[in-house]
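**Q** build the 3D model from these lines:
(one chain, ligands or ions: 1)
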Amino acid sequence: MKVYYLGPEGTFSYQAAVKYQPHADLVPCQSLYEVVEQFNQHTNSQAIVPIENAIEGTINLIADELIENQLHVIGEVYLDIAFDVVGLTPSMEHISSVVSIAPIISQTKRFITDYELDVKHSDSSLDSLNYIDHETVAIIPHQSTTAYPVITEHIEDYPYNKTRFLVLSHQETSHPTTQALLLLTPKVDKPGLLANILNVFNLYNINLSWIESRPTKQQFGCYHFLIQCQIAASSDDYKQVLKIFEALEITVRTIGAF
Ligand SMILES: O=C(O)C(=O)Cc1ccccc1
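**A** Numbers count the residues shown, from 1 in each chain. Below you'll find the model as predicted:
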């Protein structure tokens, strides 16, 4: 089975894919958009995509993909994230700009501000190597093997930096699961709506590990809620929780179980 990821080999997505399935048929894509598109077009495929970074937060493109498509999340992978700067020479002298993918630019603001660099965007960390010139350096995964000298190591803004990747599939997993990822879309906006949702989890003593709201893109003030919680999707409690949400006029879909 093909597993699409943001390539080329060596990107963080590649490292996450290898960590998840070392012997998978990994297929590199040139952008996150292409990963999602290829996955959607091939019913017998999987994809590994970044969803959340410890410094920067949610990757909205992927959150919206979870909401808008009938896919299943069947796994997650945590990866340590650190960045190095490489260029044509091992010094920042005469350097006026930096290139990398947007989520990396937002995790290295201190370095970029200190050197007063202009920012250019690439499609992946390693794609940024293609834009190096006498004035431009690239930010890439720590300890990547490249032909370029390393100028500075570990330029991430915070030392604790991890990214969580999701494994997307067109089929549900057949393995026993401990985590459920839910999409809740309230049909009406009313006082106490979010408190009601959280109370249901409290009532059943279910721990939440992620909550994210995304605009419905139809009206201000109306949101989808993505909630990851620690419970087996096959358990009676989980089935009860789903029934309560339906009674509360909240559309509910189990996006993932892993
Ligand atoms: O560009 C990469 O290497 C990616 O895989 C995207 C990404 C960027 C920053 C953190 C995690 C994933």
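**Q** which residues of the stretch 51-200 of the chain score low on pLDDT?
**A** Low-confidence segments of the stretch 51-200 of the chain (pLDDT under 70): none present.
**Q** so where do the helices sit in it?
**A** With DSSP state H, counting those that start in this stretch, the ranges of helices along the stretch 51-200 of the chain come out as 60-68, 102-105, 109-114, 193-203.
**Q** tell me which of those helices is the most buried.
**A** Highest mean neighbour count among the helices of the stretch 51-200 of the chain (mean count of other C-beta atoms under 10 Å): helix 102-105, with a mean of 20. (Each C-beta comes from the backbone N, C-alpha and C, glycine too.)
**Q** on that earlier part again, ok, which of the helices of the stretch 51-200 of the chain comes nearest the ligand?
**A** Nearest to the ligand, of all the helices of the stretch 51-200 of the chain, is helix 102-105, at 4.3 Å by C-beta to the nearest ligand atom.
**Q** pull the residues that contact the closest one.
**A** The list of residues contacting helix 102-105 from outside it, by C-beta atoms under 8 Å, 6 or more residues apart in numbering, reads Pro50, Asn53, Glu56, Ile59, Phe83, Val98, Ile112, Val119, His121, Ser125, Ile139.
**Q** now that helix: how far from the chain's centre is it?
**A** Here helix 102-105 shows a centroid-to-chain-centroid distance of 12 Å under the convention C-alpha atoms, centre = their mean, to the nearest Å.
**Q** so does it get close to the ligand?
**A** Yes. Judged by C-beta under 6 Å from any ligand atom, helix 102-105 and the ligand are in contact via Pro103, Ile104.
**Q** distance-wise, check Ile81 relative to Ser174.
**A** Per C-beta to C-beta, to the nearest Å, Ile81 is found 31 Å from Ser174.
**Q** out of these two, which sits in the more crowded spot?
**A** Ile81 (23 against 7; other C-beta atoms under 10 Å).
**Q** what about the closest residue to the more buried one other than its chain neighbours, neighbour count?
**A** In space, and not counting its chain neighbours, Ile81 is closest to Asn161: 4.5 Å by C-beta to C-beta, 6 or more residues apart in numbering. Residues lying near Asn161 (other C-beta under 10 Å) number 18.
**Q** now do Glu93
**A** Neighbour tally, Glu93, other C-beta under 10 Å: 7.
**Q** which ones are touching Val18?
**A** Shown in contact with Val18 (C-beta under 8 Å, 6+ apart): Leu26.
**Q** quick one: the strands in the stretch 51-200 of the chain?
**A** For the stretch 51-200 of the chain, the strands defined by DSSP state E, counting those that start in this stretch occupy 57-58, 72-80, 83-86, 97-100, 118-121, 136-141, 150-152, 162-169, 180-186.
**Q** any part of the fifth one near the ligand?
**A** No. Interface with the ligand: strand 118-121 contributes nothing (C-beta under 6 Å from any ligand atom), its closest point being 11.0 Å away.
**Q** need the residues that contact that strand.
**A** Contacts for strand 118-121 (C-beta under 8 Å, 6+ apart): Ser96, Ser97, Val98, Val99, Ser100, Ile101, Ala102, Ile105, Ile112, Tyr131, Thr136.
**Q** closest to His42 among these?
**A** Ile101 (23.8 Å; C-beta to C-beta).
**Q** how is this structure partitioned into domains?
**A** Structurally, the chain divides into domains by automatic domain parsing as follows: 2-80+161-169, 83-152, 180-257.
**Q** ok now the second one, how far from the chain's centre?
**A** Here domain 83-152 is found 21 Å from its chain centre; the criterion is C-alpha atoms, centre = their mean.
**Q** what is the end-to-end distance of it?
**A** Using C-alpha to C-alpha, to the nearest Å, the span of domain 83-152 from its first residue to its last is 9 Å.
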